[in-house]
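Asks: Kindly generate the corresponding structure for this input.
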Amino acid sequence: MKPSRLFLFATLFLFLAQPLFAAELPKVGLRVAYPEVKLKRPLWLCEAPDKTKRIFVAQQDGKVLILPADRTGTNTITFLDLTDRKPWEKNEEGLLGFAFHPKFAKNGKFYLYYSQQKPQRSVVSEFRVSKGNPNEADKASERIVMEIPQPDWNHNGGQISFGPDGYLYIALGDGGGHNDKYGNSQKTDTLLAKMLRIDVDSRTDDLQYGIPRSNPFVKDKAFRPETWAWGLRNPWRFSFDKKTGELYCADVGQNKWEEINIIKKGGNYGWNFREGFEEFGTNAPPANAKFLDPILEYPHFATQTTNHTVGLSVTGGYVYRGKKIPELRGVYLYADFVMGTIWGLRYEKGEVTTHGVLVPMQKGLNPPRQIASFGEDNSGEVYVLAYDHRIYEFESLQKVSAK
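Replies: Below is the predicted model of the structure:
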């Protein structure tokens, strides 16, 4: 699902020990959250918003599972199984997104983003929980909200999440290939390479969803009105800060740079004229183009001038707002899929005030622990989902060393 760049791993391993920007970050580590549970390429984790404390995990193969209430338990419950539809045919396809309706406790609705073929497309669908069993979805209840044609199998984006405003946000990549080969990143009349914002509780014209009137381009006929922001390459995991409401989004780079953005209403993030802060390609952007800068970039190679350690494919996370590790509060967590490194940054008053390694790449693993996604429960605790079949949680090493 994340780009396969492991062929560069051996070279980059030599360049991991680079200076960091600051050391104002806590000492934390990872521990396995569910020791007896092994999963198949987990890509999403969240807690049901209904006070049942059930934790749900979506796998790339098309299954949604409920984790055991007992952390030492072994058995998961299959909530929904779409594997018969074969959503995962190629590396970056599959069941990529899962979101509960904010009023799930009353209406039993939830949403999936998954891949389908013939024609190749991404599907956003609404489902309901079975009336007779709260631990089972009603597969027959599916209502297709949106289908997005995909010209290629990669750069699907795939996350769907409800914002603090109650609208559904959908992250889409540029359609795949190198150099934005399909030319979608700066096109205004396509849904690709965009962050979308829709209302699942209303209908506009013949659409199966509503267009919020406050969307930035509803009066601009050159744009698809679903557009919230644009100029993205392959947004891989976004999140809203529970405290500030800021929308963080990691965008996977191509040749040299990975980036973290704060997504603003109507913002253009520059791909494919830019990669991170840097110019990309030889074509000059239009004279009137206005691009928003990322808040942080990190390099693919240690020879690039930077104060950030290297990586190859960014995985976006969350601003930690939990209670278990107070010293971690306010830190945005992000990782590299290929290297397995986890970093943290503090973004305050419009700028990054500190960043650094929180969990270094685990040596001796070949391939390294591939961090495919993060998850968050209703208490603000953050989890790490890896392709070693495990779910991890953070622990404070400061507390451990003090014992």
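
Asks: for residue 398, helix, strand, or coil?
Replies: Here residue 398 is recorded as helix under DSSP: H, G, I helix; E, B strand; the rest coil.

Asks: again with residue 146
Replies: Following three-state DSSP, the label given to residue 146 is strand.

Asks: so how far is residue 211 from it?
Replies: 12 Å (C-beta to C-beta, to the nearest Å). For every residue, glycine as well, the C-beta is placed using N, CA and C.

Asks: Need the overlap of contacts for the two.
Replies: The contact sets of residue 146 and residue 211 overlap at residue 198 (C-beta atoms under 8 Å, 6 or more residues apart in numbering).

Asks: Could you pull up the contacting residues of residue 335?
Replies: 314-315, 317, 341-343, 371, 374, 384.

Asks: quick one: which of the residues you listed is most hemmed in?
Replies: residue 314 (30 neighbours; other C-beta atoms under 10 Å).

Asks: give me the element the residue nearest to it when sequence neighbours are not counted is part of.
Replies: Excluding its sequence neighbours, the residue lying closest to residue 314 (C-beta to C-beta, 6 or more residues apart in numbering) is residue 258, at 3.9 Å. Taking DSSP states H and E as the criterion, residue 258 maps to strand 257-262.

Asks: Next: residue 106.
Replies: Using DSSP H and E, residue 106 falls in helix 104-107.

Asks: now what about whichever helix or strand comes after that helix, what contacts it?
Replies: As assigned by DSSP H and E, the chain's next helix or strand after helix 104-107 is strand 109-116. Residues outside strand 109-116 that contact it (C-beta under 8 Å, 6+ apart): 58, 62, 64, 80, 82, 85, 87-89, 93-101, 103-104, 121-129, 137, 145, 150, 153, 156, 158-160, 168, 170, 200.

Asks: Sitting in helices, which of those do you find?
Replies: Judged by DSSP state H, the contacts of strand 109-116 include residue 104 as members of helices.

Asks: Which members of the contacts of strand 109-116 are classed as buried?
Replies: 58, 62, 64, 80, 82, 87-88, 93-101, 104, 122-129, 137, 145, 150, 153, 156, 158-160, 168, 170, 200 (16 or more other C-beta atoms under 10 Å).

Asks: Check what pLDDT the closest residue to residue 239 other than its chain neighbours gets.
Replies: Excluding the flanking residues, the one nearest residue 239 by C-beta to C-beta, 6+ apart is residue 318, at 4.7 Å. On pLDDT, residue 318 comes in at 98.

Asks: what's the answer for residue 91, then?
Replies: Reported pLDDT for residue 91: 93.

Asks: Roughly how far does residue 333 sit from residue 45?
Replies: Taken as C-beta to C-beta, the span from residue 333 to residue 45 is 14 Å.

Asks: which residues do the two both contact?
Replies: Here residue 333 and residue 45 have residue 374 as joint contacts, going by C-beta under 8 Å, 6+ apart.

Asks: hang on, the earlier thing: so what are the sheet partners of the helix or strand where the residue nearest to residue 239 lies and their directions?
Replies: Using DSSP H and E, residue 318 maps to strand 314-319. Taking DSSP bridges as the criterion, strand 314-319 forms sheet pairs with strand 332-336 (antiparallel).

Asks: quick one, the partner strand and strand 257-262 angle?
Replies: Between strand 332-336 and strand 257-262, the angle comes out at 160 degrees (axes from the mean of the first three to the mean of the last three C-alpha atoms, to 10 degrees).

Asks: so after strand 332-336, what's the next helix or strand?
Replies: Using DSSP H and E, the first helix or strand after strand 332-336 is strand 342-348.

Asks: So what touches that following strand?
Replies: 24-25, 30, 246, 260, 262, 295-296, 298, 308-309, 328, 330-335, 352-359, 371, 384.

Asks: residues in contact with residue 337?
Replies: By C-beta under 8 Å, 6+ apart, the contact set of residue 337 is 2-3, 236, 312-315, 370-372.

Asks: what's the burial count for the residue lying closest to residue 274 once chain neighbours are set aside?
Replies: Among residues not flanking residue 274 along the chain, residue 280 sits closest, at 5.5 Å (C-beta to C-beta, 6+ apart). When counting by other C-beta under 10 Å, one arrives at 20 neighbours for residue 280.

Asks: Residue 280 contacts residue 273, doesn't it?
Replies: Yes: using C-beta atoms under 8 Å, residue 280 makes contact with residue 273 at a distance of 6.2 Å.

Asks: My guess is residue 203 contacts residue 210. True?
Replies: Yes: counting by C-beta under 8 Å, residue 203 does reach residue 210; the two are 5.8 Å apart.

Asks: and the two? which has more neighbours close in?
Replies: residue 210 (15 against 12).

Asks: Please report how far that one lies from residue 45.
Replies: Counting by C-beta to C-beta, the gap from residue 210 to residue 45 is 28 Å.

Asks: And for residue 136?
Replies: To residue 45, residue 136 is 19 Å away according to C-beta to C-beta.

Asks: where do the strands sit along the stretch 1-150 of the chain?
Replies: 28-32, 42-47, 55-59, 63-66, 77-81, 95-100, 109-116, 121-129, 137-149 (DSSP state E, counting those that start in this stretch).
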